[in-house]
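Peer 1: The following comprises the amino acid sequence and a computationally predicted model.
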Amino acid sequence: MAPRRPPLPADWSRPLSRRDVLKVSALLGGSAAVAAFLGACAPRRDPGSSIAATASDGAGRPITMIAGGGDPLAEPALKRAFDDFSGLHPGASWDVRALAGGGADWDRLARSLLASGEPVDLVTIDGQQVRSWARDGLLADLSADSRLADVLARVPTTVRIGGPGEASARAFPLAVTRGVHTTGLYYNRALLDEAGVAVPRTIADLEAMVQPLAKLGVAPLVHCSGDVFFNQILLTWILPMVAERSGSDPEAFADATVKGEHRYDGPEWTESFETIAGLRASGILLDGSGATDYLAMQQLFLQGKAAATFQGSWMLGQIRSGTAPRAFDLHIAPPPLIDGATRPRPIHSWGGYALPAKGGRSREAVYEFLEYASRPDVDRAITAGTQNYSPIAASNDAITDPIAREFLPLFADAITPLDWLWEPEVKDEIDRQVQALVKGSTDGPSAGRAVQEIADALRSGGRSYYR
């Protein structure tokens, strides 16, 4: 199993020393990683960009932004938006810190940059990390800032996220933050037609497909449990429907578990874990899915070894650019239902904007930029250029690809990913336990008990979201 994430040291907020940088080197793999880290933390200067070309020489300090998901100025449609803002605000300039990596690597680097004392004005952060940053006092409360009232009014409440126990917003997405994603069932209609089966609407339908597809040497579903990061996707597919069927709001139920009002080895969680184990035991999942990584999963789907895979809209471009050696007719269906469920619950996944709790040098300029980027006409223009889904539904009329448009109806039932509500340590243990379920090396009750042990340890150590 992967090592558990250690707690933050008591002195995490002090400036970085040379020794700290050497520690980062050890974590990330040596001198090349240090060079990348220092390069990312150096001011960005791009003489070809009208945004970066304005020097900070008294005409106005640059807006310093930590960027997740790569440099936004490298994408033409996003760069155009930044350039247009700069044209409307003479003297505006940008210092973009595009930190390499994702997940825990990005988290460490971004926290280190804030702890170094660098003035940071704006952060593009993955929604999964918002609650832990809020827990540690790193993010401003956007709902309490009157200057952002008009901006927040343009963004649906369903895609905002706050700190633990908060109804307020600490971060939110826009088209300029590369929009939002959801989850659904990718399926190859050509294979279904060859096997004489319909598009699966329920897990029972998937099970009924096992034998017809087996005659073609195909499994109904493949999953990339070998990349443990993707394993919570299976639980966030199943658990919301189990909770909602029992009369609970899925997000409220998940948060109540974090508070200790439900247990991770309680009946709803155990049923969800056992349902995932049943995907393997029934033959729905392709053998070996427990050790299959993200890229191998795509290849197995393209090669016709599996008729479907449950994944996010972020994968669409990769699948569309792949090569299939047999008939391949790609389509998207809603997440299949469990018994007794009335509607699927895909997720709203995104990276969005947040403001550091400690104000930077250019917060007034940030307010102006957020107001500009959230304007409906600007948001729609960015959506048209990037073809990423916007959280502002009207912008998505600009999505043109017919397969991409098959995801659009799924947003109507989408909710906050439940893994965003769990502490990172709990999420990591869930990922490990789901992988064990897919491999067949544990069962539902045991998985629940293992996760509960982590939650108990966080609570006793004062690291739970709800102390």
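Peer 2: In hand now; what should we look at?
Peer 1: Could you use CA atoms for every contact and neighbour count after this?
Peer 2: Fine.
Peer 1: quick one, helices of the stretch 201-350 of the chain?
Peer 2: In the stretch 201-350 of the chain, helices defined by DSSP state H, counting those that start in this stretch lie at 203-208, 210-214, 232-245, 250-259, 267-281, 294-302, 316-320, listed in chain order.
Peer 1: Mind checking the ones you listed for the one nearest to residue 417?
Peer 2: helix 232-245 (6.5 Å; CA to CA).
Peer 1: Run through who's touching that closest one.
Peer 2: 249-251, 253, 268-269, 271-273, 275-276, 310-311, 335, 337-338, 340-347, 417-419, 427, 430-431, 434 (CA atoms under 8 Å, 6 or more residues apart in numbering).
Peer 1: now swap in stretch 143-162 and tell me
Peer 2: The contact list for stretch 143-162 (CA under 8 Å, 6+ apart) reads 127, 130-131, 134, 141-142, 167-174, 348, 367, 370-371, 374-376, 391-392, 415-416.
Peer 1: same thing but 7 Å
Peer 2: Residues outside stretch 143-162 that contact it (CA atoms under 7 Å, 6 or more residues apart in numbering) are 131, 142, 168-172, 348, 367, 370-371, 374, 391-392, 415-416.
Peer 1: now residue 289: how far from residue 436?
Peer 2: Residue 289 is 11 Å from residue 436, where distance means CA to CA, to the nearest Å.
Peer 1: correction: residue 135
Peer 2: According to CA to CA, residue 135 and residue 436 sit 30 Å apart.
Peer 1: For the closest residue to residue 227 other than its chain neighbours, the count of nearby residues, please.
Peer 2: The shortest distance from residue 227 to any non-neighbouring residue, by CA to CA, 6 or more residues apart in numbering, is to residue 293 (4.9 Å). Residue 293 is flanked by 17 other residues according to other CA atoms under 10 Å.
Peer 1: surely residue 284 meets residue 207?
Peer 2: Yes: counting by CA atoms under 7 Å, residue 207 is a contact partner of residue 284 at 5.8 Å.
Peer 1: Looking at those two, which is more packed in?
Peer 2: Legend: neighbour count by other CA under 10 Å for residue 284 and residue 207, higher for residue 284 (25 against 18).
Peer 1: Could you list which residues are in contact with the more buried one?
Peer 2: With contacts defined as CA under 7 Å, 6+ apart, residue 284 is in contact with 206-207, 210, 219-221.
Peer 1: from those, which is closest to residue 107?
Peer 2: For the contacts of residue 284, the nearest to residue 107 is residue 221 (32.2 Å; CA to CA).
Peer 1: Tell me who's in contact with that closest one.
Peer 2: Contacts for residue 221 (CA under 7 Å, 6+ apart) come out as 284-286, 306-309.
Peer 1: let's see it at 10 Å
Peer 2: With contacts defined as CA atoms under 10 Å, 6 or more residues apart in numbering, the neighbours of residue 221 are 185-187, 206-207, 209-210, 279-280, 283-287, 289, 297, 300-301, 305-310.
Peer 1: same thing with residue 423?
Peer 2: With CA under 10 Å, 6+ apart as the criterion, the residues that contact residue 423 are 128-129, 131-132, 135, 164, 258, 454-455, 458, 463-466.
Peer 1: would JSON lines of the residues you listed with pLDDT be doable?
Peer 2: As requested, the contacts of residue 423 are exported to JSON lines (pLDDT from 0 to 100):
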{"residue": "128", "pLDDT": "91"}
{"residue": "129", "pLDDT": "93"}
{"residue": "131", "pLDDT": "93"}
{"residue": "132", "pLDDT": "92"}
{"residue": "135", "pLDDT": "89"}
{"residue": "164", "pLDDT": "91"}
{"residue": "258", "pLDDT": "96"}
{"residue": "454", "pLDDT": "98"}
{"residue": "455", "pLDDT": "97"}
{"residue": "458", "pLDDT": "95"}
{"residue": "463", "pLDDT": "89"}
{"residue": "464", "pLDDT": "93"}
{"residue": "465", "pLDDT": "91"}
{"residue": "466", "pLDDT": "90"}
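Peer 1: would you turn those into CSV with secondary structure, distance to residue 113 and neighbour count?
Peer 2: Shown next, in CSV, are those (DSSP: H, G, I helix; E, B strand; the rest coil; distance: CA to CA, whole Å; neighbours: other CA atoms under 10 Å):
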residue, secondary structure, distance to residue 113, neighbour count
128, helix, 19, 23
129, helix, 16, 18
131, helix, 19, 26
132, helix, 16, 21
135, helix, 18, 16
164, coil, 24, 21
258, helix, 29, 23
454, helix, 29, 21
455, helix, 29, 25
458, helix, 26, 19
463, coil, 22, 19
464, coil, 25, 24
465, coil, 24, 21
466, coil, 27, 16
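Peer 1: What residues are bridge-paired with the residue nearest the centre of the chain?
Peer 2: Of all residues in the chain, the one closest to the mean position by CA atoms, centre = their mean is residue 349, 4.6 Å from it. Taking DSSP bridges as the rule, residue 349 bridges to residue 181.
Peer 1: can I assume it is in contact with residue 311?
Peer 2: No: Residue 349 is not in contact with residue 311 according to CA atoms under 10 Å; the separation is 11.7 Å.
Peer 1: Could you tell me which residues touch both of those two?
Peer 2: With CA under 10 Å, 6+ apart, residue 349 and residue 311 have common neighbours 182-183.
Peer 1: distance of the nearest residue to residue 465 once chain neighbours are set aside from residue 250?
Peer 2: With sequence-adjacent residues excluded and distances taken as CA to CA, 6+ apart, residue 465 is closest to residue 164, at 5.9 Å. From residue 164 over to residue 250 the distance is 16 Å, taken as CA to CA.
Peer 1: how many neighbours does the closest residue to residue 212 other than its chain neighbours have?
Peer 2: Among residues not flanking residue 212 along the chain, residue 195 sits closest, at 5.6 Å (CA to CA, 6+ apart). As a burial measure, residue 195 scores 18 neighbours (other CA under 10 Å).
Peer 1: swap in residue 75?
Peer 2: 12.
Peer 1: quick one, strands of the chain?
Peer 2: 63-67, 94-98, 122-126, 180-181, 183-188, 219-221, 306-312, 330-333, 349-354 (DSSP state E).
Peer 1: Deepest-packed of those, please.
Peer 2: strand 219-221 (a mean of 28; mean count of other CA atoms under 10 Å).
Peer 1: What's the mean pLDDT across it?
Peer 2: Taken as a whole, strand 219-221 has a mean pLDDT of 98.
Peer 1: and stretch 122-141, C-alpha only, in PDB?
Peer 2: Output in PDB follows, covering the C-alpha atoms of stretch 122-141 (Å, rounded to 0.1, in the frame of the first residue of the first chain):
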ATOM      1  CA  LEU A 122      -4.600  34.100  -6.900                       C
ATOM      2  CA  VAL A 123      -4.500  30.300  -6.800                       C
ATOM      3  CA  THR A 124      -5.900  27.800  -9.300                       C
ATOM      4  CA  ILE A 125      -6.600  24.800  -7.100                       C
ATOM      5  CA  ASP A 126      -8.100  21.400  -7.600                       C
ATOM      6  CA  GLY A 127     -11.400  21.200  -5.800                       C
ATOM      7  CA  GLN A 128     -10.300  18.000  -4.000                       C
ATOM      8  CA  GLN A 129      -7.700  20.100  -2.100                       C
ATOM      9  CA  VAL A 130      -9.900  23.000  -1.000                       C
ATOM     10  CA  ARG A 131     -11.200  21.600   2.300                       C
ATOM     11  CA  SER A 132      -7.700  20.600   3.500                       C
ATOM     12  CA  TRP A 133      -6.400  24.100   2.600                       C
ATOM     13  CA  ALA A 134      -9.300  25.700   4.400                       C
ATOM     14  CA  ARG A 135      -8.700  23.500   7.400                       C
ATOM     15  CA  ASP A 136      -5.100  24.800   7.600                       C
ATOM     16  CA  GLY A 137      -6.100  28.400   7.300                       C
ATOM     17  CA  LEU A 138      -4.700  29.000   3.800                       C
ATOM     18  CA  LEU A 139      -7.800  30.200   1.900                       C
ATOM     19  CA  ALA A 140      -9.900  33.300   2.200                       C
ATOM     20  CA  ASP A 141     -13.700  33.100   2.600                       C
END
